[in-house]
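Novice: All I have is the shape, not the residue letters:
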């Protein structure tokens with residue numbers, strides 16, 4: 001649905017962190033100067049990144065942490081984690097599939113970002129050449145153009161799902177980015193399309209878009 005009904009045109013098909021174009025076949029045109037030292041096979045295709053990582057809210061579910069009696073494979077082996085939570089828990093399924101928290105990313109960037117929290121890494125250089133995404137010490141610093149979008153995704157998930165709660169440090173950073181990097185017309189158009197498909201309004205974006213005078 002994201003690929004076919006949200007990101008409809010070439011000008012809208014841009015990845016979150018590196019502003020790279022992708023087409024309807026998921027193929028990415030890497031920006032000039034982009035460098036990836038790992039996960040090279042994933043560098044040419046778009047992947048859908050959980051801005052708030054699935055593990056960060058998944059750990060709140062017992063099925064993720066401990067498993068469930070119905071989480072058993074064909075060899076009678078018990079399993080837990082994402083697969084078990086997705087099988088058993090409706091609330092988890094809603095959270096992991098929530099389109100407000102899913103953004104396109106270059107596969108290699110998605111892989112290296114992993115489930116790391118966001119932070120400011122002022123002493124670090126870009127991990128991807130011309131794409132100003134930094135990853136170090138199990139933390140990630142996104143380019144300035146992505147920070148407001150990221151912040152509003154975090155604030156939405158925190159406001160919408162009782163199972164998820166940000167740390168004090170992460171909340172302070174997200175509130176600062178939310179204020180510092182205002183909403184864009186595309187962010188509001190995207191939210192409007194998601195609301196029509198998913199059936200719920202994003203209160204964080206609804207307020208921000210109204211204040212900015214964008215349709216929402």
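Specialist: Yep, it's here. Just so you know, these numbers come straight off a predicted model, no measurement behind them. Numbers count the residues shown, from 1 in each chain.

Novice: can you tell me which helix in this structure is longest?
Specialist: Counting residues, the longest helix found in the chain (DSSP state H) is helix 144-160.

Novice: burial count for the residue lying closest to residue 125 once chain neighbours are set aside?
Specialist: Excluding its sequence neighbours, the residue lying closest to residue 125 (Cβ to Cβ, 6 or more residues apart in numbering) is residue 134, at 7.1 Å. Quick note: C-beta positions are derived from backbone N, CA and C, even for glycine. Number of residues near residue 134 (other Cβ atoms under 10 Å) recorded here: 20.

Novice: separation between the residue lying closest to residue 10 once chain neighbours are set aside and residue 11?
Specialist: Leaving aside its chain neighbours, residue 10 sits nearest to residue 21 (6.8 Å; criterion: Cβ to Cβ, 6+ apart). From residue 21 over to residue 11 the distance is 9 Å, taken as Cβ to Cβ, to the nearest Å.

Novice: For those two, work out which one has more neighbours and name it.
Specialist: The residue with more neighbours, out of residue 21 and residue 11 and counting by other Cβ under 10 Å, is residue 21; that gives 16 against 9.

Novice: Against residue 40, how distant is the more buried one?
Specialist: Counting by Cβ to Cβ - residue 21 and residue 40 are separated by 19 Å.
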